[in-house]
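# Got a predicted model here, sequence first, then my questions.
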Number of protein chains: 2
Amino acid sequence: MKNKKPTIAIDMDGVLADIETQFIDWYHRDYGILISREDMLGKPEPEAFPDKDAVWRFVNTPGFFRTLPVMPNAVAVVKELMNDFDIYIVTAAMEFPLSLFEKYEWLQEHFPFISWKNIVMCGDKSVINTDYLIDDHCKNLDFCKGRAIMFSAAHNSNIDRHERVNTWDEVRALFNEVRNLTEHVV
Amino acid sequence: MKNKKPTIAIDMDGVLADIETQFIDWYHRDYGILISREDMLGKPEPEAFPDKDAVWRFVNTPGFFRTLPVMPNAVAVVKELMNDFDIYIVTAAMEFPLSLFEKYEWLQEHFPFISWKNIVMCGDKSVINTDYLIDDHCKNLDFCKGRAIMFSAAHNSNIDRHERVNTWDEVRALFNEVRNLTEHVV
């Protein structure tokens, strides 16, 4: 059996997919009000917009998840990481069952190099066991069995109980360090 | 924090859902040939039918997964187990992405008492970490981190490297034993 690579679970919304930009754009389109990222800092996403029902309505609108923008540099960094890590995309899609196929299609479009074998659509992530988890939500990171890495989002800006990365370039840098340490050990 | 219950991952096709009966029924309907369970013993499902492409075509036909019969007694036993265990439905749905929403709807119809939080649709199950896994495929059971329990199916009849249950009544009996042992320990 070949040497098993360490495993990284990567969340979709807020990590691979820029859901904040989509919320801001759709709110602007539908309400004519432009909310800034600064306005959203430290607030749960639904609370960050004057109409508190807007976010719930957006995530239940067909096409919302299918058209999310890709987070800058996510594609390039994930591709690089696959040389040394087994990458699993782990998304809490069950909360929005209409999103299941949209999320699959989105991954096929933007991350076609990720096999269906490495995609996990779930509810609660506490049964997922990988060596690393990159996620923007404490509800996932808190119960993570591996090393929990918080990807910065406006809604998590006040939380300081997890190691934090702000961009995909910082993810690259973090795993370069992990690789260097591992090579020194070997 | 309340005491965490032990976790059981339960597969769908061949465990909760009687996929063999659906293959036999659809083959009979489309080809006029009635294949028996005895004919299927020890063969991978596609090999068990004269037209080797039939199974592949069936699983890619809209409605196939939505209309699978429920395995006898599965509903009652799963409901009972939920008193003492955290139940996760873990299905390799990613291989058939069109099945994602059908599988969700099937669960909503037959197991409405299972929360979306406890449904996992994945490819490779090796990142799933539960105390028990009930599954009909070695590819899942072999890499299971907990206690692996093989649910009998025609295709796995020749395999003897896992603890085996033949029916949901046997699942009930097995977990009654587990409960009795646990109570004695406490």
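Perfect, I can see it now.
# quick one, helices of chain A?
Assigned by DSSP state H, the helices in chain A fall at A:19-31, A:37-40, A:54-59, A:74-81, A:99-110, A:138-141, A:168-185.
# Which of those helices sits closest to residue B:152?
helix A:99-110 (29.8 Å; Cβ to Cβ). Placement of C-beta: from N, CA and C, glycine included.
# Okay, angle between the closest one and helix A:74-81 too, please.
Interaxial angle, helix A:99-110 versus helix A:74-81 (axes from the mean of the first three to the mean of the last three Cα atoms, to 10 degrees): 80 degrees.
# now what about helix A:99-110, what contacts it?
Surrounding helix A:99-110, the residues in contact under the criterion Cβ atoms under 8 Å, 6 or more residues apart in numbering or on different chains are A:12, A:16-17, A:59, A:62-66, A:68, A:70, A:75, A:89, A:91, A:93-94, A:114, A:119, A:121, B:94, B:97-98, B:100-101, B:104, B:121.
# Return the set of buried residues in that helix.
A:99-104, A:106-107, A:110 (16 or more other Cβ atoms under 10 Å in any protein chain shown).
# Farthest-apart pair in those, please.
Going by Cβ to Cβ, the pair spanning these furthest: A:100 and A:110, at 16.6 Å.
# Return the residues of chain A in contact with chain B.
Applying the criterion Cβ under 8 Å from any Cβ of the partner chain, the portion of chain A that neighbours chain B consists of A:7, A:9, A:88, A:90, A:93-95, A:97-98, A:100-101, A:104-105, A:115-124, A:127-130, A:145.
# And the lowest-mean-pLDDT helix or strand in chain A, what's buried?
Considering only helices and strands, the least confidently modelled element of chain A by mean pLDDT, DSSP states H and E is helix A:168-185, at a mean of 88. Buried residues in helix A:168-185, counting neighbours by 16+ other Cβ under 10 Å, are found at A:168, A:170-172, A:174-175, A:178.
# now, among the residues you listed, which is nearest to residue A:80?
Using Cβ to Cβ, residue A:172 comes nearest to residue A:80 of the buried residues of helix A:168-185, at 6.7 Å.
# Just the C-alphas of stretch A:169-185, formatted as CSV.
Listed in CSV are the C-alpha atoms of stretch A:169-185, where the atom choice follows Å, rounded to 0.1, in the frame of the first residue of the first chain:
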residue,chain,number,x,y,z
ASP,A,169,-1.9,32.9,-0.2
GLU,A,170,-1.8,32.5,3.6
VAL,A,171,-3.1,28.9,3.2
ARG,A,172,-0.2,28.2,0.8
ALA,A,173,2.3,29.7,3.2
LEU,A,174,0.9,27.7,6.2
PHE,A,175,1.2,24.4,4.3
ASN,A,176,4.6,25.3,3.0
GLU,A,177,5.6,25.5,6.7
VAL,A,178,3.9,22.2,7.4
ARG,A,179,5.8,20.6,4.5
ASN,A,180,9.2,22.1,5.6
LEU,A,181,8.7,20.8,9.2
THR,A,182,7.8,17.3,7.9
GLU,A,183,10.8,17.2,5.7
HIS,A,184,13.1,18.2,8.6
VAL,A,185,11.5,15.4,10.7
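# How far away from the center of its chain is it?
Taking the mean C-alpha point of stretch A:169-185 and that of its whole chain, the gap between them comes to 20 Å (Cα atoms, centre = their mean, to the nearest Å).
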